[in-house]
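S.K.: Here is the input, now give the coordinates:
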Amino acid sequence: MKGDFLIIHKDVMPPFLVKVVKAVRLIEEENKSVSDACKDLDISRSTFYKYKDKVFELKSDFGRKAILSFKVENAMGVLSDIINNISKYKGNILTINQDMPIHNLAYVSVMIDAKDMSVSVYELIAELKKIQKVKDVSLVAFE
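M.R.: Predicted structure coming up:
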């Protein structure tokens, strides 16, 4: 499965594949029949059925959740500063986990929904690293 998928710009795809994606959208969103969608887009039904499960449109909610890992000083207000910074850029915090501090350092993981953020996840990480008591921030996963 790994390596089976590519993300490519539609400008380099054969036009019929772009039409298949549009046909799927017409069928799903406008309740058109397969025949009508294919007729409207000038593709054959056999082309539609051959490729309908092979080409997809990238959805806006794809790739929008991120898990960040922090190493912070065990000091009052650090977690609050992290939360305020994420909120400042319109990140929606889904979960927060903090381990027991050891040697005055605490490890925190935060899962955020970045769909509506005003900056990229990488720009957010750069901003979070500027917080005084934050020693390190890393991206663990990005969906």
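S.K.: What separation is there between Y122 and A114?
M.R.: Using CB to CB, to the nearest Å, one obtains 10 Å as the distance from Y122 to A114. C-beta here means a position set from N, CA and C on the backbone, and glycine is covered the same way.
S.K.: cool, Y107 as well?
M.R.: The value you get for Y107 to A114, if CB to CB is used, is 21 Å.
S.K.: contacting residues for the spatially most distant residue from the centre of the chain?
M.R.: Distance from the C-alpha centroid of the chain, by CA atoms, centre = their mean, peaks at H103 (34.8 Å). Residues near H103 by CB atoms under 8 Å, 6 or more residues apart in numbering: none.
S.K.: Let me know the pLDDT of it.
M.R.: Listed pLDDT for H103 reads 94.
S.K.: what do you get for K2?
M.R.: pLDDT, read off for K2, is 61.
S.K.: Same drill for Y107 and A114, tell me which one is more crowded.
M.R.: A114 (20 against 15; other CB atoms under 10 Å).
S.K.: ok, that one touching K65?
M.R.: Yes. Checked against CB atoms under 8 Å, the pair A114 and K65 is within contact range at 6.9 Å.
S.K.: which other residues reach stretch 42-56?
M.R.: 13, 16-17, 19-21, 23-24, 34-35, 37-38.
S.K.: got any ranges where the protein has weak pLDDT?
M.R.: Where the chain drops to pLDDT under 70, the residues are 1-3, 58-63.
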